[in-house]
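Chemist: Sequence first, then the predicted structure:
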Amino acid sequence: MRRFLWVAVLLLLVLPVFGFKVIMVTDTGGLGDKSFNDGTWAGIQRAAEELGIESEFIQSYEQADYIPNLTKAAQEADVVFAVGFMMTDALAKVAPQFPDTYFVGIDIVLDNYPPNVITFVFKEQESAFTVGYIAAAMTKTNIVGFVGGIPIPPVERFRYGFETGVKLYADLHGKNITILRGYTNVFDDPKKGKDLAVSQFAQGADIIFAAAGACGNGVIEAAKEYFTSLAGTSDLAGLIDYYYKTGQAFFAIGVDVDQDYMAPGAVLCSSMKRIDNAAYYGVVWAFEGTFESGLKVLGLKEDGVGLSPMKYTKGLVPNRVLAELEYLSTLVKKGELVIPDTQEALDAFTTPPIEFPF
């Protein structure tokens, strides 16, 4: 009898944990994009491992999949993730039908928030200005490029920030820099990203920032091939040595997560947004019962966006540039330097008088 009671107690303790389930519905880029979807999934996996709960994903292949995929997930899971701006309407339609299921939206803003929905958006412009500043400092041709996916608000905020960072450096240092722009109009075709990158490199760009989901993988591939051809080696040490000797290179800039590892030496840095942390907390809050519906906005101040550690290339960037960037980032966190988040604000932006304290 005592043994039976002990087993019953164990079951009561264990079953609720194993019965808690999270399902992520991807956007059309899917897992393996090494960017947005993978970053969200990493946060979910971290929470699942810590809490001992189940996690699954459902792949979306086209936008028509969003509503049926979210519906299916809600029928099976305690927490459902809707990943990406393009899922906004689907989330708004499905979530109210399942009031006992928690929904977490990434890069989504709703007009009305049911008590079971939380969404996260990011001040992409605040991380993108940092890579724009570095690109402006490092370009030798004075031509840099931007490759976007579909020009939805998060992608455009990356562009606004990138262009602001370029302008800030150019104005503060008396440089004249041209920015090339192009869009793949999809997120899941690396070849389109590579084709645009090749075109921009041919037009004289030596650094390209990609905010294009899996299409950005093609931009990184192009940068690696161009730099390898220039230096005569793909070895990290060889690339770095070539740059030190000649000052010449072809660089890509990664997005969403730290993509520097994808082509060490050819990815100069990455404009990160901590979608992994947002996903992690979305799961934990639901599991612990501390879930509060509404919109969460994360920027530099909240450590929701930032610059990658630049594991392979930080030594290439002059210390003065990094110090200036640190100072400017502090101004952003204090609200004393506002990075534009709309085209109108970007058009109206003028570099304020800035005196570095060093």
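Modeler: The structure has been received and is ready for your questions.

Chemist: buried residues in stretch 351-358?
Modeler: Counting neighbours by 16 or more other CB atoms under 10 Å, one finds that stretch 351-358 has no buried residues. In short, each C-beta sits where N, CA and C put it, glycine included.

Chemist: do stretch 25-41 as well
Modeler: In stretch 25-41, counting by 16+ other CB under 10 Å, buried: 25-30, 33-41.

Chemist: How about the contacts made by residue 79?
Modeler: Going by CB atoms under 8 Å, 6 or more residues apart in numbering, residue 79 touches 21-23, 101-104, 282-283, 286-287.

Chemist: Please repeat the previous calculation with a cut-off of 10 Å.
Modeler: 20-24, 44, 47, 53, 55, 73, 101-104, 116, 279, 282-283, 285-287, 291 (CB atoms under 10 Å, 6 or more residues apart in numbering).

Chemist: So what's the predicted local confidence for it?
Modeler: Listed pLDDT for residue 79 reads 98.

Chemist: who's it bridged to?
Modeler: Legend: beta-bridge partners of residue 79 under DSSP bridges are residue 22, residue 102.

Chemist: can you give me the strands for the protein?
Modeler: Along the chain, counting by DSSP state E, strands occupy 21-25, 54-58, 79-83, 102-106, 117-122, 143-148, 178-183, 207-211, 251-256, 267-273, 294-298, 305-307.

Chemist: Can you give the distance of the shortest one from its chain's centre?
Modeler: When you say that, I think you mean strand 305-307. Centroid separation for strand 305-307 versus its chain: 9 Å, with CA atoms, centre = their mean, to the nearest Å.

Chemist: returning to that earlier point: dump the strands of the chain into JSON lines; add distance to residue 223 as well.
Modeler: Listed next are the strands of the chain as JSON lines, based on distance: least, CB to CB, whole Å:
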{"stretch": "strand 21-25", "distance to residue 223": "30"}
{"stretch": "strand 54-58", "distance to residue 223": "29"}
{"stretch": "strand 79-83", "distance to residue 223": "26"}
{"stretch": "strand 102-106", "distance to residue 223": "27"}
{"stretch": "strand 117-122", "distance to residue 223": "24"}
{"stretch": "strand 143-148", "distance to residue 223": "10"}
{"stretch": "strand 178-183", "distance to residue 223": "14"}
{"stretch": "strand 207-211", "distance to residue 223": "7"}
{"stretch": "strand 251-256", "distance to residue 223": "4"}
{"stretch": "strand 267-273", "distance to residue 223": "7"}
{"stretch": "strand 294-298", "distance to residue 223": "28"}
{"stretch": "strand 305-307", "distance to residue 223": "18"}
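
Chemist: Mind checking those for the one nearest to residue 346?
Modeler: Among those, strand 178-183 comes nearest to residue 346, with 11.4 Å by CB to CB.

Chemist: by contact count, what packs against the closest one?
Modeler: Where contact means 3 or more CB pairs under 10 Å, 6 or more residues apart in numbering; DSSP states H and E, strand 178-183 is packed against helix 124-138, strand 143-148, helix 153-173, helix 190-202, strand 207-211.

Chemist: among those, which is the most enclosed?
Modeler: When these are scored by mean count of other CB atoms under 10 Å, the highest mean neighbour count falls to strand 207-211 (a mean of 32).

Chemist: in the sheet, who's paired with residue 294?
Modeler: Beta-bridge pairing of residue 294 under DSSP bridges involves residue 118.

Chemist: Tell me the pLDDT of it.
Modeler: Per-residue confidence (pLDDT) for residue 294: 98.

Chemist: Start the count at 21 instead of 1 going forward.
Modeler: With 21 as the first residue, the last one maps to residue 314.

Chemist: re earlier: looking at the helices and strands packed on strand 198-203, spot the one closest to residue 88.
Modeler: helix 173-193 (24.2 Å).

Chemist: if we can go back for a sec, could I get the helices and strands packed on strand 198-203 as CSV with mean pLDDT and distance to residue 351?
Modeler: Below are these laid out as CSV (pLDDT from 0 to 100; distance: least, CB to CB, whole Å):
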stretch, mean pLDDT, distance to residue 351
helix 144-158, 98, 11
strand 163-168, 98, 23
helix 173-193, 98, 11
helix 210-222, 98, 31
strand 227-231, 98, 22
